[in-house]
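compute the structure for the input listed below.
(one chain, ligands or ions: 1)
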Amino acid sequence: MSPVTTRPRIAVTGRIPTPGLEELRLIGDVWEWEHDAPPDPPTVYAAVNGVDAAVTLLTTKVDNTFLDAAGPQLKVVANVAVGYNNIDVAACAARNVIVTNTPGVLTDATADLAMALILMATRRLAEGERVIRSQTSWQWGMFYLLGTSLQGRRLGIIGMGDIGIAVARRARAFGMEIAYANRRRVPPELEAELGATFMATDDLLATSDVVTLHCPYSPDTHHLMNSATLARMRPTAFLVNTSRGPVVDEAALVKALEHGVIAGAGLDVFEHEPDVNPGLLRCENAVLVPHLGSATVETRTAMAVLAARNAVAVLSGLSPLTPVMRPV
Ligand code: GLV
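So this is what the prediction gives:
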């Protein structure tokens, strides 16, 4: 008698582009959440009960409660994001659940967004847009809405992974000089190509004209930017964050922006998303956009497909394409 083979069950806990779903449907029975707003935890727990794979968005918290709800046949959690701070990786490892993320495919989109925020903040573009939209009277003036030039200025990159490197390449094209702080140095050829100087974080903060954050969020990077580290920055400098909100102490940033400790900020991510510290809304010198780093049609499609392929690989007994490494 031939063994009975059942199709694996897969839950997708947020709306993802169709090409990702199609890859999953080829091999399994797929439950998908069809709304843009994320499901509440009880809905997630009911949906993952008994599944072999979960494809998750960064709005899904994968912790022991989730894993208990899923049950022992869960083999893989495929996150549709490069960041995976929504997932308790150690809890997954303890249950032999493989965790994957989507590095690479969102590097350019996120680096573009960081560069856009650097330009918006230094050139006061959001302020200018508010003038036009509010129909405030204005006229061209020699001193009207003057910003800061990037040429010859130092960009300090905290976290020199793929995205940090991609931002460095873009900033070089704008004539910026590159400094970076990272757990380890990048290869000398790359330093030479980027003209990048490796520095201690404190030195980078004290000497950069723009500081951009590209480190993962972890207990080590929680509130990396706080009142003390913000105070190390130049009063003429800008802070850009496209990594994770809690890397910045938002209350301390509001104070720094209000009191001229730094000149401005460009933020794509927030400490308590989707809430934004009301103090930031008062800061004309803060550019605020709603977590759009990877938000292009092409990138989100590539992310969904990569996450699906990770799930399919594990369910097929193969190695995942992009497993998450436990941070050390
Ligand atoms: C988005 O924030 C991601 O981590 O992919």
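
from Glu177, how far out is the residue lying closest to Asp209 once chain neighbours are set aside?
Of all residues not flanking Asp209 in the chain, Arg153 sits nearest, at 3.8 Å (CB to CB, 6 or more residues apart in numbering). No exception for glycine: its C-beta is placed from N, CA and C like everyone else's. Look at Arg153 and Glu177: by CB to CB, to the nearest Å, they are 7 Å apart.

likewise Asp275?
36 Å.

got it, and Tyr45?
50 Å.

got it, and Val248?
Relative to Glu177, and taking CB to CB, Val248 is found at 24 Å.

so which of the two has more stuff around it?
Val248 (28 against 20; other CB atoms under 10 Å).

circling back: give me the number of residues near the residue nearest to Asp209?
20.

hmm, it is touching Arg172, no?
No: the criterion here is CB atoms under 8 Å, and Arg153 misses it with Arg172 at 11.9 Å.

which bits of the stretch 51-200 of the chain sit near the ligand?
The stretch 51-200 of the chain comes close to the ligand at residues 58, 81-83, 106, as judged by CB under 6 Å from any ligand atom.

and if we set it to 5 Å?
Those residues of the stretch 51-200 of the chain that sit near the ligand, judged by CB under 5 Å from any ligand atom, are 81-83.

and the residues you listed as CSV, adding distance to Ala94, neighbour count and secondary structure?
Shown next, in CSV, are these (distance: CB to CB, whole Å; neighbours: other CB atoms under 10 Å; DSSP: H, G, I helix; E, B strand; the rest coil):
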residue, distance to Ala94, neighbour count, secondary structure
Ala81, 22, 20, coil
Val82, 23, 25, coil
Gly83, 21, 19, coil
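
how about stretch 126-140: buried residues?
Using 16 or more other CB atoms under 10 Å as the test for burial, stretch 126-140 gives 126-127.

what residues does it touch?
120, 144-145, 284-285, 287-288 (CB atoms under 8 Å, 6 or more residues apart in numbering).

neighbour-wise, which of those leads?
The contacts of stretch 126-140, ranked by neighbours (other CB under 10 Å): first place Val287, 26 neighbours.

okay, now the domains of this protein?
Per automatic domain parsing, the structural domains of the chain span 9-104+297-325, 107-288.

can you put those in JSON lines and add mean pLDDT?
Converted to JSON lines, those look like this (pLDDT from 0 to 100):
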{"stretch": "domain 9-104+297-325", "mean pLDDT": "97"}
{"stretch": "domain 107-288", "mean pLDDT": "98"}
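
what's near enough to touch the residue nearest to the spatial centre of the chain?
The chain has Ser243 as the residue nearest its centroid, 4.0 Å off, counting by CA atoms, centre = their mean. Applying CB under 8 Å, 6+ apart to Ser243 gives the contacts 83, 159, 213-217, 221, 269.

all strands of this structure, in order?
Under the criterion DSSP state E, strands of the chain are mapped to 9-12, 29-32, 53-56, 76-79, 98-100, 154-158, 177-181, 196-198, 210-213, 238-241, 264-267, 286-288.

Throw the ones you listed into TSV and include distance to Glu298, thanks.
Output for the strands of the chain, formatted as TSV (distance: least, CB to CB, whole Å):
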stretch	distance to Glu298
strand 9-12	20
strand 29-32	21
strand 53-56	19
strand 76-79	19
strand 98-100	20
strand 154-158	24
strand 177-181	27
strand 196-198	28
strand 210-213	23
strand 238-241	23
strand 264-267	23
strand 286-288	24
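
closest to Thr299 out of the ones you listed?
strand 76-79 (14.9 Å; CB to CB).

return the distance of that closest one from the chain's centre.
Here strand 76-79 is found 17 Å from its chain centre; the criterion is CA atoms, centre = their mean, to the nearest Å.

so how far is Leu150 from the closest residue to Leu106 other than its chain neighbours?
Using CB to CB, 6+ apart and skipping residues adjacent in sequence, the residue nearest Leu106 is Ser294, 3.9 Å away. Separation of Ser294 from Leu150 (CB to CB) stands at 24 Å.

looking at those two, which is more packed in?
Using other CB under 10 Å as the criterion, Ser294 and Leu150 rank with Ser294 on top: 24 against 20.

grab the longest helix from the protein for me.
helix 297-315 (DSSP state H).

residues contacting the residue nearest to Pro38 when sequence neighbours are not counted?
Using CB to CB, 6+ apart and skipping the chain neighbours, the partner closest in space to Pro38 is Thr59 (3.8 Å). For Thr59, the contact set (CB under 8 Å, 6+ apart) comprises 14, 38, 86.

same thing with Ser294?
81-82, 106, 109-110, 300, 303.

which of these lies closest to Leu24?
Distances from Leu24 to the contacts of Ser294, taken by CB to CB, are shortest for Met303, at 13.7 Å.
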